[in-house]
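Asker: No letters, just coordinates:
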């Protein structure tokens, strides 16, 4: 097939010079358009170009708003076009979330059943669920009651409502973390840098108490104190729990929480790429085959010499 | 990391950041950053802040740190 | 009458032979006269140019002038002085020699093209099926609904003789820990006296556990446990009496209380749904 | 008579057999293609997927 395809491609690209009087028909469509239409086209083109340029500059201005320090691109193991998430890291990230972050941050869109076949087995997910108490609907007497959690229950939120959350964190609301990597520029890079980026404020910056300095946080003053320190928790799989390791794992866990379809999406990308490249080449062969008649047509025009 | 009970667990990032801040271009930025800090500290009423110098310095360290750090983490 | 015979030399399958109309026998052949031909030639309808239609118009046999009384003679011939360019770049290896008879290799040539397009169709069918599959499967029950579809009951928290109500799929679910007396009473009820005859052993996989949907089969009220004349359930709405196996014994309800699908996973847990 | 020619004369010549060949081809292609990409994907992501670390935890009985 390659031979045939090569022959067609070679011939297509090669302008066959023939010494007959070949009338060259200009295929460009612009020639027939009236002047008015051409002017209209120019106007429309410039409008679209202008709009695109405006959108680009706006987007850039949002990014480079002066002194913000953008998180660098870390070589995550899931960065490749076909690379899946590291599920061992997701599991460790869950442990970090459960023992550290869940004190202030909720993940109310995640249920225990989501963990099954991602970072935990069904038994482990059931255990995790059973370890919490959930208020359930009215019983016969019409009273709400507490029961241990089930797979269908969602992660518990530390505060009953936003006001309680703000009140407990002197006005700052700890954001829900389920979709945080999708909600912040830089995603997991930003989270990792934020969690490991705490430094003392530079000269001239004084923060009111209750605010801490973090160069990666827009504006520099963040309501969250540094949360991750060396050996803050003990990983169940024995990994040394350094601050960077915990930050990396919890960032991976939150990346999974925001994009649970991540692995399937990349597997589908692999399939689609292979399949469509095959289909494109077949379509190209088919087009060339169907057009070969017209493309090799030669018209000879011999005017009757008087 | 073998005897982490005995020795205090060292975060690889600390060591790498230290090494990165001694590279030529980052050291220069660090120098400017410290100079700015001293200048601002010495003055009593100034509105100058050293955020820009710090940003440049940290930007330099980050781009030196980012490629190497994950090799030292699991 | 001038008959003009031209050997169709070296006309390749891709060249369109030039055609020319010549005055027929009754009129004089006057090539040199520059008078305007009275009948203007209507350009023929645009021919659909495909491999087939063009090969049809190629001269198959040596060309001769066809003389006919009325119509103009159409003579098709290729001017021998036209240099036909070299088309070998476009031709498959089996048809390089334009003079040889290539019908023998036609099957494999066409087969080759059909094979490629066929495999493309296979890929296309696969892509189409998965696309349709994606949309159809998105209409199936979502994970959170499925998670609530099954309920797991710890049997040892239900003491003997007690009937516990659970909320399952939005309906009350009765789990009754039956005493030995109730089991005996229910097992020797004779079926003829029942409106909806069912053996107790069919209704309860394990005699000591009765799993019922707490929805009266009359108009859907929730029956009250351990009440009514038959020691089972009493429906307060219209007075239906069910026995300890959930079978209708008295009152307007037509059928027994429904037994949902349930399995005893192990000694202590029951999964309903 | 080359293999392709035989195939052409027996299958590809008539649209009905051609379509039938495509459908059966698609059926087998689907299974083969899915298994191949599954394997390739697991190779690319060796050690990272859940099924690679599943054995460390209590097997779901």
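Answerer: Ah, there it is. Predicted, not measured: the structure shown is a model, and the values here were computed from it. Residues are numbered from 1 along each chain as shown, chains lettered A, B, ... in the order given.
Asker: anything in stretch B:39-59 near chain A?
Answerer: Yes. Stretch B:39-59 is in contact with chain A by Cβ under 8 Å from any Cβ of the partner chain, via B:39-41, B:46-55, B:58-59. Where C-beta positions appear, they are placed from N, C-alpha and C, glycine not excepted.
Asker: What residues does the residue of the stretch 101-250 of chain C found nearest chain D make contact with?
Answerer: In the stretch 101-250 of chain C, the residue that lies nearest chain D is residue C:111 (3.0 Å; Cβ to the nearest Cβ). Residue C:111 makes contact with D:4-5, D:7-9, D:12, according to Cβ atoms under 8 Å, 6 or more residues apart in numbering or on different chains.
Asker: ok, how many other residues are close to residue A:107?
Answerer: 23 (other Cβ atoms under 10 Å in any protein chain shown).
Asker: and the helix ranked longest in chain D, does that touch chain A?
Answerer: Across chain D, the longest stretch assigned as helix under DSSP state H is helix D:15-44. Yes. Helix D:15-44 lies within reach of chain A by Cβ under 8 Å from any Cβ, at D:33-34, D:37-38, D:40-41, D:44.
Asker: Just give me the residue right at the centre of the chain.
Answerer: No chain specified, so I'll use chain A. residue A:182 (6.5 Å; Cα atoms, centre = their mean).
Asker: How much space separates it from residue A:255?
Answerer: 9 Å (Cβ to Cβ, to the nearest Å).
Asker: Test for you: state the pLDDT assigned to residue A:159.
Answerer: Per-residue pLDDT puts residue A:159 at 96.
Asker: follow-up on the earlier one: the residue nearest to the centre of chain A - that's part of a helix, no?
Answerer: Yes. Under DSSP: H, G, I helix; E, B strand; the rest coil, residue A:182 falls within a helix.
Asker: Leaving out sequence neighbours, find the closest residue to it.
Answerer: Excluding the flanking residues, the one nearest residue A:182 by Cβ to Cβ, 6 or more residues apart in numbering or on different chains is residue A:258, at 4.3 Å.
Asker: so who does the one you found touch?
Answerer: Residue A:258 sits in contact with A:178-183, A:187, where contact means Cβ under 8 Å, 6+ apart.
Asker: Please, where are all the helices along chain B?
Answerer: B:12-21, B:24-42, B:51-69.
Asker: tally of neighbours for residue A:188?
Answerer: Residue A:188: 25 surrounding residues under other Cβ under 10 Å.
Asker: swap in residue A:164?
Answerer: Other residues near residue A:164 number 12, with proximity taken as other Cβ under 10 Å.
Asker: what's the answer for the one 5 residues further on, then?
Answerer: Residue A:169 is flanked by 15 other residues according to other Cβ under 10 Å.
Asker: before we move on, what about residue C:87?
Answerer: 19.
Asker: Which pLDDT value goes with it?
Answerer: The model reports residue C:87 with a pLDDT of 79.
Asker: List the buried residues for stretch B:49-59?
Answerer: B:49-51, B:53-59 (16 or more other Cβ atoms under 10 Å in any protein chain shown).
Asker: And the furthest pair within the residues you listed?
Answerer: B:49 and B:59 (16.6 Å; Cβ to Cβ).
Asker: Adding pLDDT and distance to residue C:127, write the contacts of residue A:258 out as a markdown table.
Answerer: As requested, those are exported to a markdown table (pLDDT from 0 to 100; distance: Cβ to Cβ, whole Å):
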| residue | pLDDT | distance to residue C:127 |
| --- | --- | --- |
| A:178 | 97 | 33 |
| A:179 | 97 | 31 |
| A:180 | 97 | 35 |
| A:181 | 97 | 31 |
| A:182 | 97 | 28 |
| A:183 | 97 | 33 |
| A:187 | 96 | 31 |
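Asker: Mind checking which of those residues are buried?
Answerer: A:178-181, A:187.
Asker: doesn't residue C:107 make contact with residue D:5?
Answerer: Yes. With contact defined as Cβ atoms under 8 Å, residue D:5 reaches residue C:107; the gap is 3.8 Å.
Asker: what about the helices in the stretch 201-306 of chain A?
Answerer: Shown for the stretch 201-306 of chain A, the helices assigned by DSSP state H, counting those that start in this stretch span residues A:243-258, A:262-295.
Asker: any idea which of those is most buried?
Answerer: helix A:243-258 (a mean of 26; mean count of other Cβ atoms under 10 Å in any protein chain shown).
Asker: Quickly note the distance from the spatially most central residue of chain D to residue A:188.
Answerer: Most central residue of chain D, judged by C-alpha distance to the mean C-alpha position with Cα atoms, centre = their mean, is residue D:32 at 1.3 Å. Per Cβ to Cβ, residue D:32 is found 36 Å from residue A:188.
Asker: Output the residues of helix D:15-44 next to chain A in a markdown table, with pLDDT, neighbour count and distance to residue C:227 appended to each entry.
Answerer: Shown next, in a markdown table, are the residues of helix D:15-44 next to chain A (pLDDT from 0 to 100; neighbours: other Cβ atoms under 10 Å in any protein chain shown; distance: Cβ to Cβ, whole Å):
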| residue | pLDDT | neighbour count | distance to residue C:227 |
| --- | --- | --- | --- |
| D:33 | 97 | 19 | 63 |
| D:34 | 97 | 14 | 58 |
| D:37 | 97 | 19 | 62 |
| D:38 | 96 | 13 | 58 |
| D:40 | 97 | 15 | 65 |
| D:41 | 97 | 21 | 61 |
| D:44 | 96 | 17 | 65 |
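Asker: okay, and for chain C, where does confidence drop off?
Answerer: Counting by pLDDT under 70, chain C contains low-confidence residues at C:1-40, C:47, C:59, C:61-81.
Asker: If we use 50, what do you get?
Answerer: Applying pLDDT under 50 to chain C flags the ranges C:1-18, C:23.
Asker: Just give the nearest non-adjacent residue to whichever residue of chain B sits closest to chain C, would you?
Answerer: Closest to chain C within chain B is residue B:74: 30.6 Å, counting by Cβ to the nearest Cβ. Excluding the flanking residues, the one nearest residue B:74 by Cβ to Cβ, 6+ apart is residue A:239, at 4.9 Å.
Asker: any idea how far residue C:266 is from the residue lying closest to residue A:244 once chain neighbours are set aside?
Answerer: Once flanking residues are discounted, residue A:244 sits nearest to residue B:13: 4.3 Å by Cβ to Cβ, 6+ apart. Distance from residue B:13 to residue C:266, counting by Cβ to Cβ: 49 Å.
Asker: Neighbour count: the two, which is higher?
Answerer: Legend: neighbour count by other Cβ under 10 Å for residue B:13 and residue C:266, higher for residue B:13 (22 against 8).
Asker: what pLDDT does that one get?
Answerer: Residue B:13 is given a pLDDT of 95.
Asker: hang on, it packs against residue B:66?
Answerer: No. In this structure residue B:13 lies outside contact range of residue B:66 using Cβ under 8 Å: 10.5 Å.
Asker: low pLDDT regions in the chain?
Answerer: No chain specified, so I'll use chain A. Flagging of chain A using pLDDT under 50 yields the residue ranges A:11-25, A:64-65.
Asker: Switch to chain D, please.
Answerer: Short version for chain D, where the test is pLDDT under 50: D:61.
Asker: Nearest residue to the residue in it positioned nearest to chain B in space, please, no chain neighbours.
Answerer: For chain D and chain B, the shortest gap (Cβ to the nearest Cβ) falls at residue D:47, measuring 11.6 Å. Spatial nearest neighbour of residue D:47, excluding adjacent residues (Cβ to Cβ, 6+ apart): residue D:53 at 7.8 Å.
Asker: which element is residue C:55 on?
Answerer: Using DSSP states H and E, residue C:55 maps to helix C:51-56.
Asker: What residues are bridge-paired with residue C:243?
Answerer: residue C:231 (DSSP bridges).
Asker: My guess is it contacts residue C:193. True?
Answerer: No. Counting by Cβ under 8 Å, residue C:243 sits too far from residue C:193 to count as a contact (10.7 Å).
Asker: Residue A:121 and chain C: what is the separation?
Answerer: With distances taken as Cβ to the nearest Cβ, to the nearest Å, residue A:121 is found 16 Å from chain C.
Asker: Now do that residue: how many residues are near it, please.
Answerer: Residue A:121, neighbours per other Cβ under 10 Å, totals 19.
Asker: Thank you kindly, that will do.
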